[in-house]
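Engineer: okay, sequence plus prediction incoming.
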Amino acid sequence: MKLRVLPVGLALSLIVGMAVTPEQKVAKTVVDDEVKLTESVQQEADADLVEDTVGVSESYEEDEEDTSNQTAAHYEKGKRYISHRTIEGREYSLLIDLRKWGNHATENQLLHLRELFYEVYPQMYDRFGAYTNAPLDVVLVIEDRDEGVAGAGGDTVTIVDKHLENSRNDFDVLSHELVHLIQNGWNGKYLEYDYDSEKFAEYCRYIYAYKDGKYNDEHWELPDINAQNTREKSIRFFVWLDMETSSSNRDIIRDYFEICCDKKTETANWNKAWKNLFKGTKFEGKTIDEVWNTYTKTDFARYAAKAPDFNTKSELLQKTDVRNYIKKHSFSQNYEDSLKK
Ligand SMILES: [Zn+2]
């Protein structure tokens with residue numbers, strides 16, 4: 001299997017604009033992975049708007065590695081395609097904007113991205129997005145340009161057309177960008193580290209990856225302790241922390257998310273915030289650095305997270321099944337209800 005590793009989603013610069021009210025959908029701009037977003041297009045004239053009723057064929061389901069020689073039989077350049085689905089009681093829509101499509105991404109890739117949206121976004125929405133009133137109606141712009149990977153802000157994700165051409169199975173770049181919509185403008189002043197916006201997006205990308213990580217794990221690797229050896233940088237530490245604590249009656253990552261959203265805890269106060277987060281878990285009484293120290297000594301920090309091929313699980317999942325474990329234990333309606341009391 002060819003390896004095409006691109007620095008997807010590991011952007012270091014995240015500039016968040018002013019807070020917006022729901023009516024001002026386009027007022028906020030996030031620059032992520034160097035793609036500056038264009039305005040939301042949902043308010044514009046809809047002469048080019050098409051109901052997206054393209055079905056998912058069997059060959060699409062079977063297709064394990066997209067090829068570039070497929071023609072666009074249904075999706076046409078210059079149009080926008082809208083689809084709607086109700087999932088777990090919420091109505092979602094996805095508008096795929098192909099007005100800047102250069103036909104580098106194949107129709108099959110677009111279908112995968114649409115299916116990913118309806119599979120991945122609702123899971124993340126249930127656990128995190130509902131708290132921030134993240135958009136249920138999302139715009140996906142495929143833009144033909146020479147640089148960058150993707151960006152997100154307001155209700156819009158932009159993915160660079162040529163990135164999809166160069167990286168045929170990088171569907172979960174969309175998972176990453178959708179997290180930025182759910183974060184709804186985290187501000188570095190109220191995060192423990194500036195990098196936490198990206199770290200959290202990557203953590204979600206790993207846990208909620210499309211088709212249980214079938215494409216993600218073959219394409220993208222959750223870095224191990226050698227690649228990310230500080231707490232500031234380690235995405236895997238978040239995954240481990242979630243696994244270690246999620247069988248308690250607390251959802252640490254969910255509570256962490258709320259603290260980041262609430263913008264009350266400044267960077268200097270995060271040691272205390274972590275101590276509070278650990279209450280009621282096996283780490284109660286410990287500092288975040290002590291917990292990190294425990295993590296650095298685990299096998300979990302070292303297992304290979306890259307899958308050898310589409311049909312073989314990575315060493316990490318063979319040894320821990322961490323993705324399913326977290327999905328099963330981390331969040332429940334009971335927890336949601338208890339937060340409201
Ligand atoms: Zn990002």
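Structural biologist: Yep, it's here.

Engineer: now do the strands in this protein.
Structural biologist: 15-16, 30-31, 49-51, 80-87, 90-97, 137-143, 150-153, 156-160 (DSSP state E).

Engineer: wait, which of those is closest to the ion?
Structural biologist: strand 150-153 (7.1 Å; CB to the ion). Bear in mind the C-beta positions are built from the backbone N, C-alpha and C, glycine included.

Engineer: spatially central residue for this protein, please.
Structural biologist: H176 (2.8 Å; CA atoms, centre = their mean).

Engineer: can you list the strands of the chain in TSV and add mean pLDDT?
Structural biologist: Output for the strands of the chain, formatted as TSV (pLDDT from 0 to 100):
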stretch	mean pLDDT
strand 15-16	29
strand 30-31	40
strand 49-51	87
strand 80-87	96
strand 90-97	97
strand 137-143	98
strand 150-153	96
strand 156-160	98
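
Engineer: using TSV, please lay out the ones you listed together with mean neighbour count.
Structural biologist: Listed next are those as TSV, based on neighbours: other CB atoms under 10 Å:
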stretch	mean neighbour count
strand 15-16	15
strand 30-31	21
strand 49-51	14
strand 80-87	16
strand 90-97	19
strand 137-143	23
strand 150-153	28
strand 156-160	27
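
Engineer: now distance to the ion too, for these, in TSV please.
Structural biologist: Below are those laid out as TSV (distance: least, CB to the ion, whole Å):
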stretch	distance to the ion
strand 15-16	12
strand 30-31	8
strand 49-51	28
strand 80-87	24
strand 90-97	19
strand 137-143	15
strand 150-153	7
strand 156-160	10
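
Engineer: format those strands as TSV; extra columns: distance to T298.
Structural biologist: Output for the strands of the chain, formatted as TSV (distance: least, CB to CB, whole Å):
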stretch	distance to T298
strand 15-16	34
strand 30-31	34
strand 49-51	50
strand 80-87	35
strand 90-97	37
strand 137-143	37
strand 150-153	32
strand 156-160	34
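
Engineer: show the pLDDT at N249.
Structural biologist: We have a pLDDT of 76 for N249.

Engineer: that one against D255, yeah?
Structural biologist: No. Judged on CB atoms under 8 Å, N249 makes no contact with D255 at a distance of 11.8 Å.

Engineer: more neighbours, the two?
Structural biologist: Per other CB atoms under 10 Å, whichever of N249 and D255 has more neighbours is D255, with 17 against 10.

Engineer: for the protein, where's the lowest mean pLDDT among helices and strands?
Structural biologist: Ranked by mean pLDDT, DSSP states H and E, the helix or strand of the chain with the weakest confidence is strand 15-16, at a mean of 29.

Engineer: counting neighbours, what do you get for the closest residue in space to Y195 that isn't next to it in sequence?
Structural biologist: Residue nearest to Y195 in three dimensions, not counting chain neighbours: E232, with 6.2 Å by CB to CB, 6 or more residues apart in numbering. Per other CB under 10 Å, the neighbour tally for E232 reads 13.

Engineer: so F310 touches N216, yeah?
Structural biologist: No. F310 is beyond contact range of N216, at 10.7 Å (criterion: CB under 8 Å).

Engineer: okay, the two: which has more neighbours?
Structural biologist: Of the pair F310 and N216, N216 is the one with more neighbours under other CB under 10 Å, namely 26 against 15.

Engineer: who's in contact with the closest residue to the more buried one other than its chain neighbours?
Structural biologist: Nearest residue to N216, sequence neighbours excluded (CB to CB, 6+ apart): A209, at 3.7 Å. Contacts for A209 (CB atoms under 8 Å, 6 or more residues apart in numbering) come out as 120, 172, 175, 215-217, 323.

Engineer: please spell out the PyMOL selection for the buried subset of these.
Structural biologist: Buried residues among the contacts of A209 (16 or more other CB atoms under 10 Å), as a PyMOL selection:
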select buried, resi 120+172+175+215+216+217+323
